[in-house]
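Participant: Got a sequence here, can you build the structure:
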Amino acid sequence: MSDHVYSITEIVGTSKTSVEDAIEKGVKIAAKSLRNLEWFEVTQIKGHIVNGKVGHYQVGLKLGLRYDPK
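Facilitator: Alright, predicted model coming up:
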């Protein structure tokens, strides 16, 4: 395996459906703006309660971006 250097950025993905959907949406949208995304780490899971039920999921993510060697 080659040596790599990474930058880490944090985002919050959201969904009305599920934690997994919040992760997928967050990564998909971040990938449109950020190059060389390599990995993610879930750092927190939060949400809103509406009328005694989960109304919305929020998932904190750290994203690893690999720097291009020059």
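Participant: Quick one: residues in contact with the helix or strand Ile23 falls within.
Facilitator: Counting by DSSP states H and E, the element that carries Ile23 is helix 19-33. With contact meaning Cβ atoms under 8 Å, 6 or more residues apart in numbering, helix 19-33 is reached by 9, 11-15, 37, 40, 42, 45, 57-59, 61, 63. Every C-beta, even on glycine, is put in place using the N, C-alpha and C of the backbone.
Participant: Narrow the residues you listed to those in strands?
Facilitator: Among the contacts of helix 19-33, DSSP state E puts 9, 11-15, 37, 40, 42, 45, 57-59, 61, 63 in strands.
Participant: List the residues that contact the residue nearest to the spatial centre of the chain.
Facilitator: Against the mean C-alpha coordinate of the chain, by Cα atoms, centre = their mean, the closest residue is Leu61 at 3.9 Å. Counting by Cβ under 8 Å, 6+ apart, Leu61 touches 10-13, 23, 26-27, 40-43.
Participant: is it in a bridge, and if so with what?
Facilitator: Ile11, Val42 (DSSP bridges).
Participant: again, but for the one 4 residues further on
Facilitator: With DSSP bridges applied, the residues forming beta bridges to Leu65 are Ser7, Leu37.
Participant: Distance of it relative to Thr14?
Facilitator: Remark: distance between Leu65 and Thr14 (Cβ to Cβ, to the nearest Å) = 21 Å.
Participant: same check, this time on Gly47
Facilitator: In terms of Cβ to Cβ, Gly47 sits 9 Å off from Thr14.
Participant: where do the contact lists of these two overlap?
Facilitator: 56-58.
Participant: hang on, the earlier thing: please identify which of the ones in strands among the contacts of helix 19-33 is nearest to Lys70.
Facilitator: Distance to Lys70 across these (Cβ to Cβ) is lowest for Leu37, with 19.3 Å.
Participant: Tyr6 contacts Tyr67, doesn't it?
Facilitator: Yes - assessed by Cβ atoms under 8 Å, Tyr6 is found in contact with Tyr67 at 7.0 Å.
Participant: Ser7 - how many residues pack around it?
Facilitator: 11 (other Cβ atoms under 10 Å).
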